[in-house]
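Undergrad: requesting a structural model of the entry that follows:
(2 chains)
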Amino acid sequence: MTDVLNPRDAKEVEDAVRWALGNDKALELAGQGTKRGIGRPSQTDATLDLSGLTGVTLYEPAELVLSARAGTPLREIEKLLDDNNQQLAFEPMDYGPLFGLDAGLGTLGGAIASNLSGPRRIKQGAARDHFLGVSAVTGRGETIKSGGRVVKNVTGYDMCKVLAGSWGTLAAITDITLKVLPKPETEATVVVEGLDDATACAAMAAAMGSSCDVSGAAHLPDHVASYFDGLPKPEAATVLRLEGVAPSVRHRQEALLALLRPFGPVALLEAKDSTALWRSIREVRPFTTELARGRPLWRISTAPGQGHAVAARITPAAQMFYDWAGGLIWAAMPFADEPDAGSIRGALADLGGHATLVRAPAAVRAAADVFEPETAGLRALNKRVKDGFDPKGVLNPGRMWAGV
Amino acid sequence: MSVRMPPADAAVLARRDRIVATLRAIVPGEGVIAGEREMRPFESDALTAYRQLPMVVVLPETTQQVSEVLAYCHAEGIKVVPRGAGTSLSGGALPLEDGVLLGMAKFSRIREIDFENRIAVVEPGVTNLAVSNAVASEGFYYAPDPSSQIACTIGGNVAENSGGVHCLKYGMTTNNLLGCEIVLMNGEVLRIGGKHLDAAGYDLLGLITGSEGLLGVVTEVTVRLLKKPETARAVLVGFPSSEAAGECVSAIIAAGIIPGGMEMMDRPAIHAVEEFVHAGYPLDVEALLIVELDGPAAEVDHLIERVESIARDCGSTTCRVSQSETERLLFWAGRKAAFPAVGRISPDYLCMDGTIPRAKLPEVLAAMKAMSEKFGLRVANVFHAGDGNLHPLILYDANVPGELDRAESFGADILKLCVAVGGVLTGEHGVGVEKRDLMPEMFSEIDLAAQQRVKCAFDEKGLLNPGKVFPVLHRCAELGRMHISGGKVPFPDIPRF
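TA: Got it, this is the predicted structure:
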């Protein structure tokens, strides 16, 4: 890696991609580089550093819309929204601390390119669900725009969707328009103590199947519980978050406490502890310590009802916890160079879902499938989509799959 | 019909008998319809201004049949137009003279309901309402609720990314899907996603949703189910001006309230609806808002008080809160019957579907009034106020020479205005044939080429629903070419910024 290109505006991003095209160079796309360790290690000739494209260009709280350049720090956007009693409802998690970086460094472009989400995914969706409009430079060196600044829009294909979560392999995103939402007035968390994984998943299913409008549902098993903030005691905790106006939260917490009492001892976290708890869940806190960072980390998405069955197929030496009512498993494997992809992917082949090897040494990521391997038909289709955007493979080649 | 479609392929038409016979071998029995009279019901969708008999209608019942039909048509270079219930308002299912119309109505089974995972697996011909009805006994429902939900199918909802009156809070179709089975034009069957969140790899499901039947034929859909809110109540608020009503909408959202639904009607729409449905709408107001709050009773009561107070501050002249479920449904009955109500006061109408930034509403309504005078045609407005989606209904009489053309010009001017103020051509009805030629108002040639390359990735021969969405068709080979001079893109030096 020799060169770093630092464009200051969208036009210069186009120039940079055209330079790469004209000289058969491959570009690594980066914002602040907080997710650099994720994906297959790929050979690139230069870094296209998009962190110079900053600034909120439009924010109309009453219209629930915000536009910003891709390199704008997420922290800055979240602060601005917070000042206006609004938020990014998809609750983007922060990969940085999983790689030993400070929290809060990531950019908006990175959040979109990796389709970030957080505990509220089960109620409010992921980044993709709030991504209204885009301007981006494709691997053809052409600037395209899609979407707009309005929520309801079916004009042309929804290119925002395919760019969200494409890890910079299709286009260099320069400008982003998002739907933003009001911040809930208050929150509380109902805790059920001491459940095993299977019972916890059943308890979460009961809560999700109620009209309590749960906005976060996680199970924190005994062996990792002490890493989370706000819990009454460092023991297995099944936690369910309620958000909204105060009278509503009060009503729903009573209903939820009554519903979950048959599963085990219950407790209630008031707003302050609840906020702290969910921040630590969102940040995947147990796996950010220096010791834990030596462990390969999986992010597994499955049907919530299958969560504990998938987990049961993973070595008991792994550390794990569940988010998304059991549908998201974070699993840290015991040995640095052995992610045990076989047992995880085998479990998912039987039970449904997909897994991403979020963290592992480069040599391991080069040898294993970091992203879920696709069926032959989907693999070919993804390759054709990639070729449409980036026929010469100048943008993050091979980061998601070899040859794409 | 004033819309230009791709020229019919004479060689295909000449082989019609053999094509019909081959299709009958794939879909036996009554699944292939070739008689002119029997094909007549398929000649248009709900955009009845455009009509065309297809070459043949095929109604497959299994994924295998869909796959074989498409593979055959792919090999033979025969165009295919997919169709759900035919409720499209943009001509998305308008047949082609030399094309197979692939009706998916027989895919009408609900394959699985899984309350533990809160999903349903349904075939595309299941109606939107049937999904909610099938899970209602356990208190669940499927959130997107387009006004045509009694008739429209889930397959069509996927094709158009349908919304409905509750989508500000609960999202459009794209926010409520988890997976699908799709057959590509070459007959290949792919499964995307499942019961888990976020399919692996590129978000192909997100691309397919709203692709208007141009990328593939969906044969199974996995949708998310939600638990019904404990209660819902609606507030009916009248205003002396649409500006005041628009201000009230903004003030409600600025107060941090996201209502389950928030609809606006203008005076002509209110009058047409009240005459038809007798919903008790006030007739002495310029604009009417229906604001629905849902959730636990404690929340709904609390928020209704706040909405009433905001409405008063914005100068509302009437305000009624629904006192029973019957009354709430009556409030909505009026709104949901707006299109047929307008149909009673005019022989024909065109329903437009632009979306605008909400703050531009007064400007757009004023301009529309002026256009109405200019074109000599009446217009009634219903408006998904929460998300800025306008449905101007342009009233005309197809039997009066020139009125359809005037109505179309009026509609085009409205949509151009929507784009000019920062909005879009279509919020939920799709581009279809109706808005196809307006696409350059919103997109550059480069933008459209990038979208067509997506099409090429799914359907490289361009046989699936051609003539819809894109104003100019390009061959995929031409789109794939890089514009390179002398073997290189002209940009020799490393850029230093």
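
Undergrad: from chain B, which residue is nearest to chain A?
TA: B:Gly206 (2.6 Å; C-beta to the nearest C-beta). Bear in mind the C-beta positions are built from the backbone N, C-alpha and C, glycine included.

Undergrad: go ahead and confirm that residue touches A:Leu163.
TA: No: at 9.5 Å, B:Gly206 does not count as touching A:Leu163 under the criterion of C-beta atoms under 8 Å.

Undergrad: list phi and psi for the residue of chain B closest to chain A.
TA: phi -70, psi -30 (degrees, to the nearest 10).

Undergrad: residues contacting it?
TA: Applying C-beta atoms under 8 Å, 6 or more residues apart in numbering or on different chains to B:Gly206 gives the contacts A:128, A:158, A:160-162, A:164, B:174.

Undergrad: hmm, who's touching the helix or strand where B:Val237 lies?
TA: Counting by DSSP states H and E, the element that carries B:Val237 is strand B:231-239. Contact with strand B:231-239 is made by B:245, B:248, B:260-261, B:280-282, B:284-297, B:300, B:304, B:307-308, B:311, B:314-322, B:328, B:331-332, as judged by C-beta under 8 Å, 6+ apart.

Undergrad: could you turn the buried ones of these into a ChimeraX selection?
TA: Of those, the buried ones go into a single ChimeraX selection, burial set by 16 or more other C-beta atoms under 10 Å in any protein chain shown:
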select /B:245,248,260,261,281,282,285,286,287,288,289,290,291,292,293,294,295,296,300,304,307,308,311,314,316,319,320,321,322,328,331,332
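
Undergrad: which ones among the contacts of strand B:231-239 come in contact with chain A?
TA: Restricting these to those touching chain A (C-beta under 8 Å from any C-beta of the partner chain) yields B:295-297.

Undergrad: for the residue in chain A that chain B sits nearest to, phi and psi?
TA: Closest to chain B within chain A is A:Lys161: 2.6 Å, counting by C-beta to the nearest C-beta. Here the main-chain torsion angles of A:Lys161 (degrees, to the nearest 10) amount to phi -60, psi -50.

Undergrad: wait, it touches B:Ile208, no?
TA: No: A:Lys161 is not in contact with B:Ile208 according to C-beta under 8 Å; the separation is 9.2 Å.

Undergrad: any weak-confidence spans in the stretch 51-200 of chain A?
TA: Across the stretch 51-200 of chain A, nothing is flagged by pLDDT under 70.

Undergrad: helices of that one, start to end?
TA: For the stretch 51-200 of chain A, applying DSSP state H, counting those that start in this stretch gives helices covering A:74-83, A:108-113, A:121-124, A:159-163, A:197-208.

Undergrad: of those helices, which stretch is the most buried?
TA: helix A:108-113 (a mean of 29; mean count of other C-beta atoms under 10 Å in any protein chain shown).

Undergrad: how deep is A:Ala360 tucked in, by neighbour count?
TA: Neighbourhood size, A:Ala360 [other C-beta atoms under 10 Å in any protein chain shown]: 24.

Undergrad: what's near enough to touch it?
TA: A:296-297, A:336-337, A:339, A:368, A:370.

Undergrad: make TSV out of those and add secondary structure, neighbour count and pLDDT.
TA: Below are the contacts of A:Ala360 laid out as TSV (DSSP: H, G, I helix; E, B strand; the rest coil; neighbours: other C-beta atoms under 10 Å in any protein chain shown; pLDDT from 0 to 100):
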residue	secondary structure	neighbour count	pLDDT
A:Pro296	coil	24	97
A:Leu297	strand	24	98
A:Ala336	coil	13	93
A:Asp337	coil	11	93
A:Pro339	coil	25	95
A:Ala368	coil	18	88
A:Val370	coil	24	95
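
Undergrad: now do stretch B:173-190, average pLDDT.
TA: The average of the pLDDT scores along stretch B:173-190 is 98.

Undergrad: likewise for stretch B:400-407?
TA: On average, stretch B:400-407 scores 94.

Undergrad: which residues touch that stretch?
TA: Identification of contacts with stretch B:400-407 by C-beta under 8 Å, 6+ apart yields B:2, B:49, B:348, B:350, B:375-377, B:394, B:396-398.
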